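*Asks:* mind looking at a prediction? Sequence and model below.
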Amino acid sequence: VWQVVVPSDAIEKVHKASNPANATVVANDQHIYVYFASCGVFCFDHDGKSVWEHLLPVSTRFNGSGTSPTLVGDRVILNREDTQEKYLIALNSETGEQLWKTTHGGGGMSFGEATPLIWNNQIVLHRHNDVAAFGLADGKRRWSTPVSTTAASTPVIHDDTLYVGAWNNF
């Protein structure tokens with residue numbers, strides 16, 4: 001129906017089984033939100049017209065990004081874990097304005113691949129060696145639990161129970 005080219009100075013390097021358009025889009029009745037680790041988060045209307053863009057530097061992950069944005073109310077939530085910086089951000093879904101940013105610890109090759117999950121007004125992240133929750137309103141860490149995991153899977157909820165498929169190949 002429509003096609004749009006997004007600006008990028010370079011394309012992220014990805015694993016041979018992946019591609020730079022790895023993230024799943026998220027939409028509501030007005031907008032479509034997309035994330036490319038090569039350039040940032042973009043918002044379009046359903047006719048393909050650009051509404052806003054939140055540009056980010058090209059990811060330098062060793063095998064590319066595995067996360068997708070999450071939409072909740074008036075916020076687009078993105079967990080970006082890169083070699084330079086690891087953080088969780090909330091963007092205003094109407095304007096793209098950054099509402100808050102929470103920097104994660106863990107240096108080097110510690111990455112989370114999971115997409116943020118919204119549960120009980122918290123953002124739950126499956127990260128390298130832990131599962132943590134952050135406040136939806138302010139991004140502040142609420143709780144965490146250590147888990148021996150490479151953080152490749154997104155948590156799920158069933159009957160008010162949180163399930164996390166943990167795996168570690170180290």
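*Replies:* Right, received. Where do you want to start?
*Asks:* which stretches of this protein have low pLDDT?
*Replies:* Under the criterion pLDDT under 70, the flagged ranges of the chain are 105-112, 169-170.
*Asks:* repeat that with 80
*Replies:* Applying pLDDT under 80 to the predicted model, the residue ranges of the chain that meet it are 12, 14-21, 61-66, 83-84, 105-113, 150-152, 167-170.
*Asks:* helix or strand for H126, just tell me which one.
*Replies:* Assigning secondary structure by DSSP states H and E places H126 in strand 122-127.
*Asks:* partner strands of that strand and their direction?
*Replies:* strand 117-119 (antiparallel), strand 130-135 (antiparallel) (DSSP bridges).
*Asks:* residues of that strand that come out buried?
*Replies:* Judged by neighbour count (16 or more other CB atoms under 10 Å), strand 122-127 contains these buried residues: Q122, I123, V124, L125, H126, R127. Using the backbone N, CA and C atoms, a C-beta is placed for each residue, glycine as well.
*Asks:* picking that back up, just the strands paired with strand 122-127: most buried one?
*Replies:* Comparing these by mean neighbour count (mean count of other CB atoms under 10 Å), strand 130-135 comes out on top with a mean of 20.
*Asks:* and the strands paired with strand 122-127: which comes nearest E94?
*Replies:* E94 sits nearest to strand 117-119 of all the strands paired with strand 122-127, at 18.3 Å, using CB to CB.
*Asks:* so how far is the closest one off the chain centroid?
*Replies:* Its chain's C-alpha centre and that of strand 117-119 lie 12 Å apart, by CA atoms, centre = their mean, to the nearest Å.
*Asks:* now do the strands in this protein.
*Replies:* Chain-ordered strands for the chain, with DSSP state E as the definition, fall at 26-27, 31-36, 40-45, 50-55, 70-72, 75-81, 86-92, 98-103, 117-119, 122-127, 130-135, 141-146, 156-158, 161-163.
*Asks:* reformat the ones you listed as CSV; add distance to A10.
*Replies:* As requested, the strands of the chain are arranged in CSV below (distance: least, CB to CB, whole Å):
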stretch, distance to A10
strand 26-27, 25
strand 31-36, 11
strand 40-45, 13
strand 50-55, 13
strand 70-72, 26
strand 75-81, 16
strand 86-92, 20
strand 98-103, 23
strand 117-119, 30
strand 122-127, 26
strand 130-135, 30
strand 141-146, 32
strand 156-158, 34
strand 161-163, 37
